[in-house]
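*Asks:* sequence unknown, structure follows:
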Ligand SMILES: [Fe+2]
Ligand SMILES: [Fe+2]
């Protein structure tokens, strides 16, 4: 009897953990979706072609991440994620670059922690690679910011 109850509690814990990971993947996916739109506008606001090219390169990474998180969500749940439409856009290049530095920096530990909770090897590695990309993005935005 005790064994059964213990087993049930373990199942319950695993299920709660699974739901938490799925919620976080869904959040990550929506963050990537917002970033794609945000960087599209930021590239349009860029004062020169060098900055524009750098931002469009970052945007390509976010498109790749969006695909990874979409695949991960479906792989782990068998369901489609919920997409929240309507993204906030930058009003000026400078304020957009500063907001982007903060956003990219905050995303690194979020993805690192998320990766550590995932057991599927491919998904785990992709989330960790995304964390590495976001770290690099923060550095690029920092470089742009210092020359403004
Ligand atoms: Fe990303
Ligand atoms: Fe990024």
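*Replies:* Perfect, I can see it now. Just so we're clear, the structure is a prediction, and the values are computed from it rather than from any experiment. Ligands and ions are numbered 1, 2, ... in the order given.

*Asks:* The residue nearest to residue 36 when sequence neighbours are not counted: what's it in contact with?
*Replies:* Nearest residue to residue 36 in three dimensions, chain neighbours excluded: residue 62, at 4.9 Å (C-beta to C-beta, 6 or more residues apart in numbering). Bear in mind the C-beta positions are built from the backbone N, C-alpha and C, glycine included. Listed by C-beta atoms under 8 Å, 6 or more residues apart in numbering, the contact partners of residue 62 are 32, 35, 36, 39.

*Asks:* in the host helix or strand of residue 62, what's buried?
*Replies:* When elements are assigned from DSSP states H and E, residue 62 belongs to helix 49-77. Of the residues in helix 49-77, 51, 54-55, 58-59, 61-62, 65-66, 68-70, 72-73, 76 count as buried by neighbour count, 16 or more other C-beta atoms under 10 Å.

*Asks:* how far does it sit from the chain's center?
*Replies:* Relative to its parent chain, helix 49-77 has a centroid offset of 8 Å by C-alpha atoms, centre = their mean, to the nearest Å.

*Asks:* Helices of the chain, start to end?
*Replies:* 2-45, 49-77, 93-116, 121-146 (DSSP state H).

*Asks:* So which of those helices is nearest ligand 1?
*Replies:* Ranking the helices of the chain by proximity to ligand 1 (C-beta to the ion) places helix 49-77 first, at 3.7 Å.

*Asks:* So which residue is dead centre in the chain?
*Replies:* With distances taken as C-alpha atoms, centre = their mean, residue 28 lies nearest the centre of the chain, 4.0 Å away.

*Asks:* any idea how far the spatially closest residue to it that is not a sequence neighbour is from residue 63?
*Replies:* Leaving aside its chain neighbours, residue 28 sits nearest to residue 69 (5.1 Å; criterion: C-beta to C-beta, 6+ apart). Counting by C-beta to C-beta, to the nearest Å, the separation of residue 69 from residue 63 is 11 Å.
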